[in-house]
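Output the structure for:
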Amino acid sequence: MKLKIILTAVFLMIQSIFFAKEMKIAILSNSGNQLYVRANNEIEVFSNGVLLDKKREVKFSAGKNSVTYEGQSYNDIVLKPEGADFLYISKSGKSFDGYRGNFDLIIENGRIVPVNLVEMDQYLYSVVPSEIGKKFPDEAVKAQIVTSRTYSYYNAKNSKFKNYDMVDNVNSQVYKGIAAEDVKINSLVDNTKNIVMTYKGEPINAIFHDDSGGYTANVEDVWGGVPVEYLKAVDDAGNVMDSPRRYWSYTITKDRLSKIFGVYPETIEVEKKDNRVKLLRLKGNGRTVEVTGNEFRKRVGYTNIFSTVFDYSESGSSFVFNGNGSGHGVGLAQWGAYAQAEKNKKYDQILKYYFTGIKIEEYRDAGF
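Below is the predicted model:
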């Protein structure tokens, strides 16, 4: 019996290692004509599986279609730290950012793009505090962990990028390397290992945002396309927190709006759904320009119009927009998760509130 238990434990450990998903994350924040790399121990430099060099500091330059190292051009460069070390990279040679895992160097648009090859949960060590901070309650953090892990699986399987899974900014998930890590959050990541949200057996597109402003959004109302069963609007008014964007206000002149939309807006009409602005009509000089609420945010500025939960008023030659919440409004609301955690809700309850009809389960896919 004891031998059986030991063998089972060994099998599970091997299975965990085997199924560990290696993410490919483009570090666009350090993409440039040159790349400097440092390590505490030596860096192994490979090309097509052949060891080229071992140094503590190396420098690369961008060629037209290749990476230049020590005067030679290479189509394939892989960097590995010696032992359990980190690699520190910089496009300027002045300020270095540390990362776990290895790096694959590729050329895109004449620039070196360092692609971090990092195990899923080590990636999450940095993503989760970068996205939600370090002061949220544990159950809210675990909800973010499962959301980010699920989002990563989904976007790796359905990547819009050719040479990597995701990028290191808000176009995917914010990823800052080891500098963002937190010991407590690392432990929470480890404690939820392999847990994801699925719909019909597959990881979902687990979208998230900052603050719903009292009501989340249907995905089709934000980006168009067909409805998605698990990305439905939910009433979040009972989970309002005193977030940094609980209330916001922005004033913009009619002249500025005219330059953006091509019509001087004497009046504005809005259509709402679920308390969110779905459509705006800017009218003036006998012309009407229609724009969706999300497109209005994009063109006026996401850091000006923080969400589509807003009203407006006219003030002389300007319009004043007063709103609630921050972000696109689809999927998990981070501050709503905070509020629910404060009410003693567990992370799985929080996730099932924001994502309709999903399952929460362990996920391992050897073919992925």
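
can you list the weak-confidence ranges in the protein?
1-20, 365-368 (pLDDT under 70).

how about 80 then?
Within the chain, the stretches with pLDDT under 80 are 1-21, 364-368.

now the helices for the protein?
Along the chain, counting by DSSP state H, helices occupy 2-18, 120-132, 138-157, 183-191, 219-223, 254-261, 293-300, 334-342, 347-354.

mind putting those in JSON lines, mean neighbour count and distance to residue 282 included?
C-beta coordinates here come from the backbone N, C-alpha and C atoms, glycine included. Output for the helices of the chain, formatted as JSON lines (neighbours: other C-beta atoms under 10 Å; distance: least, C-beta to C-beta, whole Å):
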{"stretch": "helix 2-18", "mean neighbour count": "10", "distance to residue 282": "55"}
{"stretch": "helix 120-132", "mean neighbour count": "24", "distance to residue 282": "34"}
{"stretch": "helix 138-157", "mean neighbour count": "24", "distance to residue 282": "35"}
{"stretch": "helix 183-191", "mean neighbour count": "16", "distance to residue 282": "44"}
{"stretch": "helix 219-223", "mean neighbour count": "19", "distance to residue 282": "19"}
{"stretch": "helix 254-261", "mean neighbour count": "16", "distance to residue 282": "5"}
{"stretch": "helix 293-300", "mean neighbour count": "19", "distance to residue 282": "9"}
{"stretch": "helix 334-342", "mean neighbour count": "24", "distance to residue 282": "31"}
{"stretch": "helix 347-354", "mean neighbour count": "22", "distance to residue 282": "33"}
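
Make JSON lines from these and add distance to residue 33 to it.
Listed next are the helices of the chain as JSON lines, based on distance: least, C-beta to C-beta, whole Å:
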{"stretch": "helix 2-18", "distance to residue 33": "38"}
{"stretch": "helix 120-132", "distance to residue 33": "26"}
{"stretch": "helix 138-157", "distance to residue 33": "28"}
{"stretch": "helix 183-191", "distance to residue 33": "34"}
{"stretch": "helix 219-223", "distance to residue 33": "35"}
{"stretch": "helix 254-261", "distance to residue 33": "34"}
{"stretch": "helix 293-300", "distance to residue 33": "30"}
{"stretch": "helix 334-342", "distance to residue 33": "37"}
{"stretch": "helix 347-354", "distance to residue 33": "43"}
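
Out of the ones you listed, which is closest to residue 267?
Nearest of those to residue 267, taken as C-beta to C-beta: helix 254-261 at 10.3 Å.

Is there a neighbour count for the nearest residue to residue 74 once chain neighbours are set aside? I'd like the number.
Closest residue to residue 74 apart from its sequence neighbours, by C-beta to C-beta, 6 or more residues apart in numbering: residue 47 at 4.5 Å. Using other C-beta atoms under 10 Å, residue 47 has 17 neighbouring residues.

Contacts only, for the nearest residue to residue 141 once chain neighbours are set aside.
Excluding its sequence neighbours, the residue lying closest to residue 141 (C-beta to C-beta, 6+ apart) is residue 188, at 5.5 Å. By C-beta atoms under 8 Å, 6 or more residues apart in numbering, the contact set of residue 188 is 128, 138, 141, 142, 145.

Taking those together, which two end up most distant?
For the contacts of residue 188, the maximum inter-member distance is 11.7 Å, found between 128 and 138 (C-beta to C-beta).

Relative to residue 40, which of the helices of the chain is closest?
Judged by C-beta to C-beta, the one of the helices of the chain that comes nearest to residue 40 is helix 120-132, at 17.4 Å.

how close does the residue nearest the centre of the chain get to residue 343?
Closest residue to the average C-alpha location of the chain: residue 173 at 1.7 Å, with C-alpha atoms, centre = their mean. With the distance defined as C-beta to C-beta, to the nearest Å, residue 173 ends up 27 Å from residue 343.

And residue 302, by the same measure?
Going from residue 302 to residue 343 by C-beta to C-beta gives 30 Å.

Over to residue 324?
20 Å.

The two: which is more packed in?
Neighbour totals were compared for residue 324 and residue 343, and residue 324 leads with 21 against 11 (other C-beta under 10 Å).

Touching, that one and residue 248? I think so.
Yes: using C-beta atoms under 8 Å, residue 324 is in contact with residue 248, at 7.5 Å.

Quick one: residues contacting the residue nearest to residue 74.
74, 75, 76, 77, 78.

So which of those residues is surrounded by the most neighbours?
Tallying neighbours with other C-beta under 10 Å puts residue 77 at the head of the contacts of residue 47, with 24 neighbours.

which one is that one nearest to, not counting chain neighbours?
Among residues not flanking residue 77 along the chain, residue 105 sits closest, at 4.2 Å (C-beta to C-beta, 6+ apart).

Let me see the contact set for the one you found.
Counting by C-beta under 8 Å, 6+ apart, residue 105 touches 35, 60, 67, 77, 78, 79, 112, 113, 114, 115.

now do residue 88
Per C-beta under 8 Å, 6+ apart, neighbours of residue 88: 37, 38, 39, 96, 97, 98, 99.

Distance of the nearest residue to residue 177 once chain neighbours are set aside relative to residue 231?
For residue 177, ignoring the flanking residues on the chain, the nearest one in space by C-beta to C-beta, 6+ apart is residue 99 at 4.4 Å. In this view, residue 99 and residue 231 are 32 Å apart by C-beta to C-beta.
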